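J.: pasting the sequence and the predicted coordinates here, then a few questions.
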Amino acid sequence: MFNTEQQSRIIEMAWEDRTPYEAIEQLYGLKYPQLVVFMRDNVSKGSFKVWRKRHAGRKTKHLKLRDPAIMRSHCKTQYKQR
């Protein structure tokens, strides 16, 4: 369904603390339950467990729980050239 580049980007976005699940849904059409299945199928078992534990209840990953003052989806320095 997704090419290798898209799979890599979805995994990267899922791991990012500030990228909301809604952004992944908008770009790739994966709702949260589908993202969980995608991650289970595309990362190692250990990585999947760490990801689930890390993002369980994380407010920055859900737009409805996120502080409305946060208007960006990534850290200010995340995409700067070094």
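T.: Perfect, thanks for sending it.

J.: buried stuff in the lowest-mean-pLDDT helix or strand in the chain?
T.: None of the helices or strands of the chain scores lower by mean pLDDT, DSSP states H and E than helix 21-28, at a mean of 88. Buried positions in helix 21-28, judged by neighbour count with 16 or more other C-beta atoms under 10 Å: Y21, E22, A23, I24, Y28. To be clear about C-beta, it is placed using only N, CA and C from the backbone, and glycine gets the same treatment.

J.: just the strands from this protein, written as ranges.
T.: For the chain, no strands are identified by DSSP state E.

J.: looking at the buried residues of helix 21-28, spot the one nearest A14.
T.: Nearest to A14 among the buried residues of helix 21-28: I24, at 6.6 Å, using C-beta to C-beta.

J.: isn't the closest one right next to L30, touching?
T.: Yes - counting by C-beta atoms under 8 Å, L30 is a contact partner of I24 at 5.6 Å.

J.: spit out the residues that contact those two alike.
T.: Common contact partners of I24 and L30 (C-beta atoms under 8 Å, 6 or more residues apart in numbering): I10.

J.: what residue ranges in this protein score low on pLDDT?
T.: Residue ranges of the chain with pLDDT under 70: 57-82.

J.: what lies in contact with stretch 41-54?
T.: With C-beta under 8 Å, 6+ apart as the test, stretch 41-54 has contacts from Q7, I10, I11, A14, W15, V36, M39, R40.

J.: one more time with 6 Å, if that's ok
T.: Residues outside stretch 41-54 that contact it (C-beta atoms under 6 Å, 6 or more residues apart in numbering): Q7, M39, R40.

J.: and the closest residue to E25 other than its chain neighbours, how close does it get to G46?
T.: Of all residues not flanking E25 in the chain, K31 sits nearest, at 5.5 Å (C-beta to C-beta, 6 or more residues apart in numbering). Applying C-beta to C-beta, to the nearest Å, one obtains 25 Å for the distance of K31 from G46.
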